[in-house]
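Enquirer: sharing a sequence plus its predicted fold:
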Amino acid sequence: MKSPGAVAFTLWGIDVQIYGILIGIGFAIAIFLAYSRAEKFGIKKDDVLNFTILLIPTSIIGARLYYVLFMWDNYKGSLFDIINIRSGGLAIHGGLLAGILVAAIYTYIRKINILRLGDLVMPGVAIAQAIGRWGNFFNSEAHGGPTDFPIAVIIDGQRMHATFLYESIFCLIMGLWLLYKSKGGLYKFNGQILSLYLIGYSFERFFVEGLRTDSLMIGSFRVAQLVSIIAFTVGIFLYFYLRNKNKASRLSNNI
C-alpha cells in the first residue's frame, strides 16, 4: 500500500487534510453511538451532547500537548509550531487522559456515574480510533520497520510494517465486541466495558508500539509501552474489583 497523499482537497487556498476528515468522522460516529444508547445506561441524551462539546476540543488539545511535551526540543521557542496541529503530532494517550479529566469533572458536577459514562462511550472511542488510524496511512507516518509481510506500506520505496492497519483492525473488532458486551444480560456491572477497553487496547498497543519507528521516548523506553503497562494493570484491577463488588452487593441484597 502506498499513500496517495495527505490532502483531500484545497478550499480557498487551504489544504484540507484527510487525517482531519477521518478524525471528524470518528468523532461523529462515537457521538452517535453514545447518543443513541444513552438512555439504556441511565444517562440523558443532553448530557452526552454537552459532554462531547467539552470533550472534542479538550481531547485534541490534550493529544497535542502530550506529543509536544515528549518532543519538546523540536518545539521550544516556537508557539506557532506548538499549536500547528496541521503539521502532525497528536498522541492518542494524551487525548484519552484529557478525556478522562473532562469526564471526571463533568460527571461530578452533573452527578452522573462516571463508570456508566465510560461504559457508554468506550465502544465508540475504539471504533473512532479504528477510523482515525487511517490518517497515519495517508500521512505516511506511524509505520513500523522493514518487513516481508504480505501487507505493508511503501515508504521511500521500502516495505514497512503497516502498524496503523494492525491497530485499526484490532480497534474495530474490539469496538464492535464492546458494543455487543454492552447489551442486555452481557452487561454485568458498572465499569465493565471501560475496564475491558483499558485491558484490550493496552495489550494491543504494547505490542504494536514495539514495531513502530516513531515512538515517543523516555530514555531508552517507549512512552506508549510504559503507559500501556500502567493502563493494562489498572484495567485488570478495575475489572475484578468492580465485578467482585457487584457480586457482593447482589448477595447482600438477596439475604
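Expert: Arrived safely, thanks for sending. Residues are numbered from 1 along each chain as shown.
Enquirer: in PDB, could you pull the C-alpha coordinates for stretch 160-177?
Expert: In PDB, the C-alpha atoms belonging to stretch 160-177 read as follows (Å, rounded to 0.1, in the frame of the first residue of the first chain):
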ATOM      1  CA  MET A 160       7.300  -1.200   6.200                       C
ATOM      2  CA  HIS A 161       5.100  -2.700   8.800                       C
ATOM      3  CA  ALA A 162       1.600  -1.300   8.500                       C
ATOM      4  CA  THR A 163       1.200  -0.700  12.200                       C
ATOM      5  CA  PHE A 164      -1.700   1.800  11.600                       C
ATOM      6  CA  LEU A 165      -3.600  -1.100   9.900                       C
ATOM      7  CA  TYR A 166      -2.800  -3.600  12.700                       C
ATOM      8  CA  GLU A 167      -4.200  -1.200  15.300                       C
ATOM      9  CA  SER A 168      -7.200  -0.100  13.100                       C
ATOM     10  CA  ILE A 169      -8.300  -3.700  12.700                       C
ATOM     11  CA  PHE A 170      -7.900  -4.500  16.400                       C
ATOM     12  CA  CYS A 171      -9.800  -1.400  17.500                       C
ATOM     13  CA  LEU A 172     -12.600  -2.000  15.100                       C
ATOM     14  CA  ILE A 173     -13.100  -5.600  16.300                       C
ATOM     15  CA  MET A 174     -12.700  -4.500  19.900                       C
ATOM     16  CA  GLY A 175     -15.200  -1.700  19.400                       C
ATOM     17  CA  LEU A 176     -17.800  -4.000  17.900                       C
ATOM     18  CA  TRP A 177     -17.200  -6.600  20.600                       C
END
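Enquirer: can you count the residues close to Thr199?
Expert: Just so we're on the same page, residue 199 is Ile rather than Thr. Using other Cβ atoms under 10 Å, the number of residues around Ile199 comes to 19. Every C-beta, even on glycine, is put in place using the N, C-alpha and C of the backbone.
Enquirer: what about it, which helix or strand?
Expert: For Ile199, the host element (DSSP states H and E) is helix 192-209.
Enquirer: so what does that helix touch, helix or strand wise?
Expert: helix 114-132, helix 163-181, helix 223-254 (3 or more Cβ pairs under 8 Å, 6 or more residues apart in numbering; DSSP states H and E).
Enquirer: could you dump these to TSV with mean neighbour count, mean pLDDT and distance to Ser36?
Expert: Below are the helices and strands packed on helix 192-209 laid out as TSV (neighbours: other Cβ atoms under 10 Å; pLDDT from 0 to 100; distance: least, Cβ to Cβ, whole Å):
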stretch	mean neighbour count	mean pLDDT	distance to Ser36
helix 114-132	24	96	10
helix 163-181	19	96	11
helix 223-254	14	87	25
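Enquirer: so which of those is nearest Ala38?
Expert: Ranking these by their distance to Ala38 (criterion: Cβ to Cβ) puts helix 114-132 first, at 6.4 Å.
Enquirer: give the other helices and strands that that closest one contacts.
Expert: Judged by 3+ Cβ pairs under 8 Å, 6+ apart, helix 114-132 is in contact with helix 18-37, helix 92-110, helix 163-181, helix 192-209.
Enquirer: next, format those helices as JSON lines and append distance to Ile56.
Expert: Conversion of these to JSON lines gives the following (distance: least, Cβ to Cβ, whole Å):
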{"stretch": "helix 18-37", "distance to Ile56": "6"}
{"stretch": "helix 92-110", "distance to Ile56": "10"}
{"stretch": "helix 163-181", "distance to Ile56": "18"}
{"stretch": "helix 192-209", "distance to Ile56": "19"}
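Enquirer: please identify the deepest-packed of those.
Expert: When the helices and strands packed on helix 114-132 are scored by mean count of other Cβ atoms under 10 Å, the highest mean neighbour count falls to helix 192-209 (a mean of 21).
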